[in-house]
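Q: Model the structure of this input:
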Amino acid sequence: MGDRRIEAVIFDLGGVLIDWNPRHLYRKLFHDEAEMEAFLRDVCSPAWNLEQDRGRPIAEAVELLTTQFPHEAERISAFYARWPEMLGGPIEGSVTVLEELHEQREVRLLALTNWSAETFPHATRRFPFLDCFEDILVSGRERLVKPDPAIYRLLLERHGLQPGEALFIDDVPRNVAGARQAGLEACVFESPEALRRDLEKRGLLLSQV
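A: Numbering: from 1, shown residues only. All right, here's what the predicted structure looks like:
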């Protein structure tokens, strides 16, 4: 940790504040766990989904995959037709930390998420705690995705922040590495309890003791 004052805490959303997982949906569509995992690895894969997070239109993505895997057309279509069913709910302990930071008003609160611009409105309607953020940078709107250092620099420039003035929190180590490459302070999210301890240690969150 550097000596410069942290002025802003930047949260990832999925996996930190929101329990997003395609398995919440696909366990309803598969009877065999191994078959489901193979489908999510080889068909509706993380790499395929990332391109929607980068701005590729959903209709185009579904058509592309259906052409490649016509026998899986129904399950491919479900990925976005039933997308809200992938939202398991808020990660309560993390949301509590966010709300405490918001109430204390000691740091600015921003969010940076890899998320399709077309599906993100589902999150804003469902999760009122997102109003705690001064701004949420959605990758699908910017056509940039983490861990590209350019997306972190874009958020900082947009809000007049120097890299050392921001702390970034993400559950994906490569995204944390990208933030550090861009010069930000960054930590890997492991649990709400560990996040609380880290923020208290940094003097960014008042201790509950």
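
Q: From here on, just use CA atoms for contacts and neighbour counts.
A: OK.

Q: which intervals of the chain have sub-threshold pLDDT?
A: 1-4, 208-209 (pLDDT under 70).

Q: Check which residues of the longest helix seen in the chain are buried.
A: When the chain is parsed with DSSP state H, its longest helix is helix 92-104. Residues Gly93, Ser94, Val95, Val97, Leu98, Glu99, Leu101, His102 are the ones in helix 92-104 that count as buried (16 or more other C-alpha atoms under 10 Å).

Q: If you drop the residues flanking it in sequence, what lies closest to the first one?
A: Pointing back at Gly93 there. Nearest residue to Gly93 in three dimensions, chain neighbours excluded: Pro192, at 5.1 Å (C-alpha to C-alpha, 6 or more residues apart in numbering).

Q: The one you found is in contact with Ser94, isn't it?
A: Yes - using C-alpha atoms under 8 Å as the test, Pro192 is close enough to Ser94 to be in contact (4.8 Å).

Q: ok, so of the buried residues of helix 92-104, who is nearest Gly164?
A: Closest approach to Gly164 among the buried residues of helix 92-104 (C-alpha to C-alpha): Leu101, at 19.1 Å.

Q: Hmm, that closest one is touching Leu205, no?
A: Yes - with contact defined as C-alpha under 8 Å, Leu101 reaches Leu205; the gap is 6.4 Å.

Q: hang on, the earlier thing: direction-wise, compare whichever helix or strand comes after the longest helix of the chain with helix 92-104 and give the angle.
A: Note on helix 92-104: by DSSP states H and E, the next helix or strand toward the C-terminus is strand 108-113. Taking axes from the mean of the first three to the mean of the last three C-alpha atoms, to 10 degrees, one finds strand 108-113 and helix 92-104 inclined to each other by 140 degrees.
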